[in-house]
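Asker: structure here, sequence nowhere to be found:
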């Protein structure tokens, strides 16, 4: 069964949080930051998720996670492309993200490494950017 990508509902958020925690991704600010999640579901199974936090023309792509049994099937790529379409519809001109493990994945999708100081100030002020992701995380950006 091919996963369906759709906007997350309130009933999805507990499963999304569990998937993020299992992947050792930040969850401490999910209630306060309220990122807009997309989920990939196959029947009742959560196959993956990703989110955007939008800040005046820029967005922080965060919490991209694929369930282990769904990895290697192109689902991460599909979720990123869906998030990019969502960003364009919201008039976002730049997407920024931080990662410790997925640099190569994102560079294959035309994201480029930048210094954290080059990210828009509003994105830098986000809790994920300012406190949750370690300084060792690589910052990447894509212009839309």
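Answerer: Yes, it's here. Bear in mind that the values here come from a model prediction, so they are computed numbers and not experimental data. Numbers count the residues shown, from 1 in each chain.

Asker: pretty sure residue 80 is touching residue 109, no?
Answerer: Yes: if you go by Cβ atoms under 8 Å, residue 80 and residue 109 touch, sitting 5.7 Å apart. Using the backbone N, CA and C atoms, a C-beta is placed for each residue, glycine as well.

Asker: neighbour count winner among the two?
Answerer: residue 80 (21 against 14; other Cβ atoms under 10 Å).

Asker: hang on, that one in a helix?
Answerer: Yes: assigned with DSSP: H, G, I helix; E, B strand; the rest coil, residue 80 falls within a helix.

Asker: now do the contacts for it.
Answerer: 50, 61, 64, 106, 109 (Cβ atoms under 8 Å, 6 or more residues apart in numbering).

Asker: ranking those residues by neighbours, who comes first?
Answerer: residue 50 (28 neighbours).

Asker: could you look up the SS state of residue 37?
Answerer: Here residue 37 is recorded as strand under three-state DSSP.
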